[in-house]
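> Got a sequence here, can you build the structure:
(chains A and B)
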Amino acid sequence: MRRPIIGLGAQTNTRLHVEPAKRTSVGLEGAALEMRLRQKRSSAFVEAMTRLDAGGVVASKQQVQELIDRISAEFPELAELQLPLGIVSKCYLGNPYEVHSLDRNLAIIEHYKRGQSLPNGMEKARRLALHPGYAYIEVYTNMMCAVTHTGEVSIIKE
Amino acid sequence: MADQVVSRADLSGINSSLRSLDHSLNTISNNLNVVAQQVAAVSMQVSSVEQQVEMTKNDLDRLAAEFREFVRQDALHKNLQLAETRLVKIRQELENKFGHYEEVRRRAIGILQAVDTSLVRKETIGLASEEQLLAAPRYWLAPCLVALSAWLNDNRELAERAVMEALRRDDEKTSLFFALVTRRGGRFRASSAWLERYLGQQDPNELKREIVVLVDAFANGIFGLEARKRCGMLIRSWLEELSQKPGFVEAQREQWKNALRAKAAALDPTKFPHLREYSPTWPQLQQALEGAHLHDIIYQYFNFILTQDVVPTKDLAAAVDQLLDVLVREFDAEELPLRREERINELIIQQNGDRQAAEQLFANERVVEERLDFTQLLTNFAMYPAESKASVATQKLAVALSKDWILEAHRDLTAENRNAVPLDIEITVDEWKGVSRDGGNEAELVEQLDRHLQEKKKEALKRNRPGFMNWLSLAAGLGFLWFGLETRFLLVVSAICLIVFVYGQIKSATNKKKIVREFAELFENHKQILLAVLSDIVDYRREYEAADANAVLIGELLEPVTPDQYVYSTHDSARTVI
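Here you go, the predicted model:
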């Protein structure tokens, strides 16, 4: 196979193949699920989610898995499918990077430049992720949870 | 070789003909010059007509826009006038249909105050009450007055019969009425019994609007200690009961979101004029900025409620009289359809004739409903105090009891608003389109605009080049000249063709200068517009950021509020805990 010389993708990512741990809990539904998602996030969790770029442009496999485990641990009552698809927050790696995402299913952290779209339905979180009032955004299939630095949650439904 | 004699030719005829031809050519040439001048004049006139057509089209567009605006304003004006007329009519109808109740209402308070001062004979009071009973059949308050006068006259039998009739006509209002009247007279046991009777009939899912009188009495410390404890527990149990209902919290949040949204004010139409005109993103920008300004409006509103002084009434009797007045005057179910009409017309006037906006507000506020759940009533007390007849103390208590829902609703509204602010702002000047995020990419956009106009200029110059017909006329002119040396007619045709060619060249050269000049002017003009739009974008982002920062103030204001702070104990020294 020929190696490309020009037009290399500007984004840097780490694709890891990690099997998520099996969850046995029965998920909440409807209003109960929303009530749970509205609960204040723990400060340690908020702190962890705001430091997705702590490992620099390329995150190690272990770092990514640790973050995914923390998401599962933060919502022990939720079924696998009810957990966030991913986390989007402002990227502090500096220009040209604007936001980054933790994709829970693909187990990767990616950094995105201005004008570069986030995949898997996470683009919708870009505006709020860039707002200084929110620490990070949890993206679900049909809504987003904007979490402040104190862990307060606002829900935006689609 | 024989000598040949060539006779001398007589060329005078030819010379004469050539001179004549020369003269004719000069004449034709002069004539063609005149024609060329006339063609140039016609061309200028055509250009002028083109300009006029363009101006007329612009005028027509402006006129159409003005006409549409005029039609809209006219419709609004008519709606406004109609609403004002209807409002007067509805109030007249209220007066005609229910005006005779007014006398009964006035006498209810009058009797109580007359007894206080002992200036009226008991017989007179009895007689007056009986007259009212005859004058207002079906009205619940009339037998209440008879019962009151019988009670003052120590006529137990009559009092009981009158009370039974009043209870038959309207049990809830009669119970509340006597709970307040007996409290006014210091009959604690009787007051508690009436209150129990009233409370026993209440379902927090379907409360009548007059519950505001009870909440007012509770918030203003009118009831005694026992009754206040009872009310405090009741309110808590109602809130708990309602919270258990599936979907209650969501409905509450939605209800508060609507109530908060209704406070939004339209943006000053003179602000950001260039952004308005040249950005297709403007509608989203406007909505987002109005949403951001809402934080300050909400903060000022709640701050005003919570810091407003509660002016205590001089004594318990005056406080109860105020409540009785509200009870007997404001909540008669018979009047409700007309009260609804009255409210919707009031809203149309408030919205300057915009009937659709008024109907939307009416549907959201749900103030004039026969029965409402307790939390909707709390929303109404806090957000529509005049319409729901809530006192300042009740407003404060309602805000304190609803603060968790208010904060959640506000947090969601804030996030929705922040999510609706466009990251990139589009700019359109004629056919050119550009994008700016914060107005900082001026140089890049000016370059893009320049490039766009250069392209357009190139196209215009290309279109202006002498066309095929022009070059054909040159070729034909030269061809006819070659063959026309011997034919006068062909010479004339050749001259015409050459003149057409020369004219085409001159016109093209003149137009080229004009195109270059016009595009230079256009660039300068568009650049000025672009700079003005970018300046508006900078101002917009700054204003949005400042307005959005006020969102935290609402949390800071409401977080520390507790209901206990706002239950006053004006008429005794005990403190109530909810």
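> OK, contacts around the closest residue to chain B within chain A?
Of all residues in chain A, A:Ser154 sits closest to chain B, with a separation of 3.6 Å (CB to the nearest CB). Any C-beta I mention is one placed from the backbone N, CA and C, and that applies to glycine too. Taking CB atoms under 8 Å, 6 or more residues apart in numbering or on different chains, we find A:Ser154 in contact with A:145-146, A:148, B:411-412, B:414-415.
> again, 6 Å this time
By CB atoms under 6 Å, 6 or more residues apart in numbering or on different chains, the residues touching A:Ser154 are A:146, B:411-412, B:415.
> So which residues of chain A form strands?
A:86-90, A:97-103, A:108-113, A:136-139, A:143-147, A:153-157 (DSSP state E).
> what sits up against the helix or strand B:Arg343 falls within?
Using DSSP states H and E, B:Arg343 maps to helix B:336-350. With contacts defined as CB under 6 Å, 6+ apart, helix B:336-350 is touched by B:83, B:86-87, B:90, B:94, B:355, B:358, B:361-362, B:368, B:370.
> Tell me how many other residues surround B:Lys263.
12 (other CB atoms under 10 Å in any protein chain shown).
> Make sure it is indeed in a helix.
No: with DSSP: H, G, I helix; E, B strand; the rest coil as the criterion, B:Lys263 is coil rather than part of a helix.
> Could you find the closest non-adjacent residue to it?
Closest residue to B:Lys263 apart from its sequence neighbours, by CB to CB, 6 or more residues apart in numbering or on different chains: B:Ile297 at 5.1 Å.
> Just put the contacts of helix B:336-350 in a markdown table and tack on pLDDT, neighbour count and distance to B:Val326.
Below are the contacts of helix B:336-350 laid out as a markdown table (pLDDT from 0 to 100; neighbours: other CB atoms under 10 Å in any protein chain shown; distance: CB to CB, whole Å):
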| residue | pLDDT | neighbour count | distance to B:Val326 |
| --- | --- | --- | --- |
| B:Ala83 | 92 | 22 | 26 |
| B:Arg86 | 92 | 16 | 26 |
| B:Leu87 | 91 | 18 | 22 |
| B:Ile90 | 90 | 20 | 21 |
| B:Leu94 | 84 | 15 | 17 |
| B:Arg355 | 88 | 18 | 30 |
| B:Ala358 | 88 | 22 | 26 |
| B:Leu361 | 82 | 20 | 24 |
| B:Phe362 | 83 | 18 | 22 |
| B:Val368 | 69 | 22 | 15 |
| B:Glu370 | 70 | 12 | 17 |
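> Next step: the residues you listed restricted to helices.
B:83, B:86-87, B:90, B:94, B:355, B:358, B:361-362 (DSSP state H).
> per-residue confidence for B:Cys251?
Just to correct that, residue B:251 is Ala rather than Cys. With respect to pLDDT, B:Ala251 scores 83.
> Quick check: phi and psi at B:Thr428.
B:Thr428 adopts backbone torsions of phi -130, psi 120, taken as degrees, to the nearest 10.
> returning to what we had before: list the buried residues for the helix or strand harbouring the residue nearest to B:Lys263?
Remark: B:Ile297 resides in helix B:282-307, with elements defined by DSSP H and E. Neighbour counts using 16 or more other CB atoms under 10 Å in any protein chain shown place B:282, B:285-286, B:288-299, B:301-302, B:305-306 of helix B:282-307 among the buried residues.
> other SSEs contacting the very next helix or strand once past that helix?
Counting by DSSP H and E, the next helix or strand C-terminal to helix B:282-307 is helix B:316-330. Packing partners of helix B:316-330 (3 or more CB pairs under 6 Å, 6 or more residues apart in numbering or on different chains; DSSP states H and E): helix B:12-117, helix B:171-184, helix B:211-219.
> Grab the CA positions of the helix or strand following the last one and hand them over as PDB.
Past helix B:211-219, heading to the C-terminal end, the next element that is a helix or strand (DSSP H and E) is helix B:225-244. Presented in PDB, the C-alpha positions along helix B:225-244 are these (Å, rounded to 0.1, in the frame of the first residue of the first chain):
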ATOM      1  CA  LEU B 225     -50.900  30.100  65.700                       C
ATOM      2  CA  GLU B 226     -52.800  26.800  65.400                       C
ATOM      3  CA  ALA B 227     -54.400  27.800  62.100                       C
ATOM      4  CA  ARG B 228     -51.000  28.900  60.700                       C
ATOM      5  CA  LYS B 229     -49.400  25.600  61.700                       C
ATOM      6  CA  ARG B 230     -52.300  23.800  60.000                       C
ATOM      7  CA  CYS B 231     -51.900  25.900  56.800                       C
ATOM      8  CA  GLY B 232     -48.100  25.400  56.800                       C
ATOM      9  CA  MET B 233     -48.500  21.600  57.100                       C
ATOM     10  CA  LEU B 234     -51.200  21.600  54.400                       C
ATOM     11  CA  ILE B 235     -49.000  23.500  51.900                       C
ATOM     12  CA  ARG B 236     -46.200  21.200  52.500                       C
ATOM     13  CA  SER B 237     -48.400  18.100  52.100                       C
ATOM     14  CA  TRP B 238     -49.900  19.600  48.900                       C
ATOM     15  CA  LEU B 239     -46.500  20.100  47.400                       C
ATOM     16  CA  GLU B 240     -45.400  16.600  48.400                       C
ATOM     17  CA  GLU B 241     -48.600  15.100  47.000                       C
ATOM     18  CA  LEU B 242     -48.200  17.000  43.700                       C
ATOM     19  CA  SER B 243     -44.500  16.100  43.400                       C
ATOM     20  CA  GLN B 244     -45.400  12.400  43.500                       C
END
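> what's the spacing between helix B:225-244 and its chain's center?
Helix B:225-244 sits 39 Å away from the centroid of its parent chain (CA atoms, centre = their mean, to the nearest Å).
> Check stretch B:376-390 too.
The answer for stretch B:376-390 is 22 Å, by CA atoms, centre = their mean.
> Neighbours of the residue in chain B positioned nearest to chain A, how many?
Nearest to chain A in chain B, going by CB to the nearest CB, is B:Ala415, at a distance of 3.6 Å. The local packing of B:Ala415 (other CB under 10 Å) involves 24 other residues.
> Please identify the helix or strand for it.
Using DSSP H and E, B:Ala415 falls in helix B:392-420.
> Give me the buried positions along that helix.
Residues of helix B:392-420 classed as buried: B:392-403, B:405-419 (neighbour count, 16+ other CB under 10 Å).
> ok, now stretch A:30-40?
A:33-34, A:37-38.
> which non-adjacent residue is nearest the residue of chain A closest to chain B?
B:Ala415 (3.6 Å).
> Now do the contacts for that neighbour.
B:Ala415 touches A:146, A:154, A:156, counting by CB under 6 Å, 6+ apart.
> from these, which is closest to A:Tyr92?
Distance ranking of the contacts of B:Ala415 against A:Tyr92, using CB to CB, places A:Ala146 first at 18.2 Å.
> List the contacts of that closest one.
A:128, A:134, A:137, A:154, B:415.
> try 8 Å
So A:Ala146 contacts A:128, A:131, A:134, A:137, A:153-156, B:415, B:418-419 (CB under 8 Å, 6+ apart).
> swap in B:Ala495?
Contacts of B:Ala495 by CB under 8 Å, 6+ apart are B:25, B:28-29, B:32, B:477.
> Phi first, then psi, for it.
Backbone torsions of B:Ala495, given as degrees, to the nearest 10, read phi -60, psi -40.
> so how far is B:Asn33 from it?
11 Å (CB to CB, to the nearest Å).
> Domain boundaries for chain B, per the record?
The record's domain split for chain B, according to automatic domain parsing, is B:75-169, B:200-265+B:308-422, B:425-537.
> chain center to the longest one: distance?
With CA atoms, centre = their mean as the basis, domain B:200-265+B:308-422 stands 23 Å off its chain's centre.
> With the first one instead?
If you compare the mean C-alpha spot of domain B:75-169 with that of the full chain, they lie 41 Å apart, counting by CA atoms, centre = their mean.
> And for the last one?
Put simply, domain B:425-537 sits 47 Å off its chain's centre (CA atoms, centre = their mean).
> Now the terminal residues of that domain, how far apart.
With CA to CA, to the nearest Å as the measure, domain B:425-537 spans 8 Å from end to end.
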